[in-house]
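Novice: okay, predicted coordinates and the sequence, questions at the end:
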Amino acid sequence: KMFKRGGDSQSGPQSVALVGCGPAGMMLLHALAHKKKTLDPSTKEYKNLPTITCYEQASSPGGVWRKYSKGTEPGDDIVMYDDLWCNTPKEMMEFNDYTFDDHFKSPTPSFLSRKDVLDYLLARNSA
């Protein structure tokens, strides 16, 4: 089971509030969408998948990977800046079914810019 209510014998889909659409929030939404595609809509498992409502304070997804710019909407203030480079190798962050090299259609360096990481995350999760 993806979710379980303690002591509640009700069956049927649950409603889940997802707070934030950063990398973790995007991954959860992507995983649920992928799961739905693999199931027959007439099955109990499909019908019991949770309904997720995502609440994001900013005007776009991406969490801390989004770009800082002057004149942003309230809640869009972030600590990343244009010239930031990730200090974690891409090989530790990429998905086994969608690599950075797949995304950029060519070999990429191990350490990527903030812009490239955000581009990869958004593309992976909108597929």
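Specialist: Good, I have the coordinates.
Novice: can we go C-alpha only for contacts and neighbour counts from here?
Specialist: Fine.
Novice: which stretches of the protein have low pLDDT?
Specialist: Scanning the chain for pLDDT under 70 picks out 1-11, 67-79, 127.
Novice: what do you get if the cut-off is 80, keeping everything else the same?
Specialist: Scanning the chain for pLDDT under 80 picks out the ranges 1-12, 66-82, 126-127.
Novice: ok, the residue nearest the centre of it - contacts?
Specialist: The residue lying closest to the centre of the chain (CA atoms, centre = their mean) is Met26, at 1.5 Å. If you count contacts by CA atoms under 8 Å, 6 or more residues apart in numbering, Met26 has them with 61-62, 125.
Novice: using CSV, write down the CA coordinates of the strand or helix carrying it.
Specialist: Under the criterion of DSSP states H and E, Met26 resides in helix 23-38. Provided in CSV are the C-alpha atoms of helix 23-38 (Å, rounded to 0.1, in the frame of the first residue of the first chain):
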residue,chain,number,x,y,z
PRO,A,23,12.1,18.0,-6.2
ALA,A,24,10.5,15.6,-3.6
GLY,A,25,7.0,16.9,-4.3
MET,A,26,7.5,16.6,-8.1
MET,A,27,8.8,13.0,-7.6
LEU,A,28,5.7,12.0,-5.6
LEU,A,29,3.4,13.4,-8.3
HIS,A,30,5.4,11.8,-11.1
ALA,A,31,5.4,8.4,-9.3
LEU,A,32,1.6,8.5,-8.7
ALA,A,33,1.0,9.5,-12.4
HIS,A,34,3.2,6.7,-13.6
LYS,A,35,1.4,4.2,-11.3
LYS,A,36,-2.0,5.3,-12.6
LYS,A,37,-0.8,4.6,-16.2
THR,A,38,0.2,1.0,-15.3
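Novice: what are the buried residues along it?
Specialist: 23, 25-26, 29-30 (16 or more other CA atoms under 10 Å).
Novice: ok, stretch 92-103 next?
Specialist: Judged by neighbour count (16+ other CA under 10 Å), stretch 92-103 contains these buried residues: 94, 99-100, 103.
Novice: what do you get for stretch 106-126?
Specialist: Residues of stretch 106-126 classed as buried: 112-122, 124-125 (neighbour count, 16+ other CA under 10 Å).
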